[in-house]
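1. sharing a model prediction with you, sequence too.
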Amino acid sequence: MDELPTVVARMWGLEPASRRGPRPGLTLRRITDAAIGIADAEGLAGVRMSSVAARLDVSAMALYGYVTSKDDLLTAMVDAATPAPPEPGAQDWREYLTLWTRAHRDFLTGHPWLLEVSPLTPPLGPRTLRWLDRALTVLAGAGLTGPAAVNIASTLSAYAVSAATLQTAMSGTVDEAGPEGPAGYTALLTRLVDARGYPGLSAALASGAFGTSPDWVDDADFAFGLTLLLDGIQALIVRRRDATP
């Protein structure tokens, strides 16, 4: 049987035999905590094997008994920064998945660098896989299993990432040439588009559909989109139930 990758084995507490030998007193958790601290303060660009080693006052080579590359480090960081998911209780599937998706969005906005990494990093650690497990468990209780349940969980996760990305961008300046906040974005669009070239967008702007308050980003639009997704799941549940003899 092939050996587990070093970082995956260590995330699960399955200590692999290291050729280099781990440094006494150094742990994967200490390494990821240091890397997360750098990412929170400086962004993902500040995270380098050398910068993490400097924060821990060890040599960069000392890290390689735990993470064999920066990609491994990022995988471990994503799992370490992920909190425990909400536990299913007395809620029905819809209430739980609403809570699950909101909580997913919220922990991503708490660590904006996750938005650069998590969509590209499949869940491999115990924390990230626990989120997937809880969603699949609740969906199974609603009669949805197999590929359909996995696709639903992936879609809700992607929606949380998208909402967190928008919220993070709109909370400040998008870039040097970008507008500041929802009001600035709406004002800029109003100057740029016209009814002849962009009839649908112009009508939406004229109707105030983009809004100017933080609720446009933070909750109202998020709730609207999530409701659409949950309505689609409800329709699938009903369709499958009606098709069962």
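-> Arrived safely, thanks for sending.
2. so where does L99 fall, helix or strand?
-> helix 93-110 (DSSP states H and E).
3. er, T32 I mean
-> Here T32 is assigned to helix 28-42, by DSSP H and E.
4. need the next SSE after that helix, C-terminal direction.
-> Immediately after helix 28-42, counting by DSSP H and E, sits helix 49-56.
5. other SSEs contacting that following helix?
-> Applying 3 or more Cβ pairs under 8 Å, 6 or more residues apart in numbering; DSSP states H and E, one finds that helix 49-56 contacts helix 28-42, helix 60-63, helix 70-81. All C-beta atoms are positioned from the backbone trio N, CA, C, and that covers glycine.
6. can you pull the buried residues of the second one?
-> Taking 16 or more other Cβ atoms under 10 Å as the basis for neighbour counts, the residues of helix 60-63 that come out buried are A62, L63.
7. cool, the first one as well?
-> By neighbour count, and taking 16+ other Cβ under 10 Å as the criterion, the buried residues in helix 28-42 are L28, I31, T32, D33, A34, A35, I36, I38, A39.
8. if we can go back for a sec, what sits up against the helix holding T32?
-> 7, 10-11, 46-47, 51-52, 55-56, 63, 66-67, 73, 76-77, 79-81, 111, 113 (Cβ atoms under 8 Å, 6 or more residues apart in numbering).
9. quick one on the thing from earlier: can I get the helices and strands packed on helix 49-56 in CSV including mean pLDDT and distance to T227?
-> Formatted as CSV, the helices and strands packed on helix 49-56 follow (pLDDT from 0 to 100; distance: least, Cβ to Cβ, whole Å):
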stretch, mean pLDDT, distance to T227
helix 28-42, 96, 32
helix 60-63, 92, 45
helix 70-81, 94, 28
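10. turn those into CSV, columns for distance to G232.
-> CSV is the format used below for the helices and strands packed on helix 49-56 (distance: least, Cβ to Cβ, whole Å):
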stretch, distance to G232
helix 28-42, 35
helix 60-63, 45
helix 70-81, 28
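11. quick one, which of the ones you listed gets closest to A103.
-> helix 70-81 (13.8 Å; Cβ to Cβ).
12. buried set for the closest one?
-> Buried residues in helix 70-81 (16+ other Cβ under 10 Å): D72, L73, L74, T75, A76, M77, V78, D79, A80, A81.
13. quick check: the third one touching S118?
-> No. Because the distance of 9.4 Å does not satisfy Cβ atoms under 8 Å, L74 is recorded as not touching S118.
14. what about L99, distance to T165?
-> Distance, L99 to T165, using Cβ to Cβ, to the nearest Å: 20 Å.
15. give me the domain ranges for this protein.
-> 6-81, 93-171+213-243 (automatic domain parsing).
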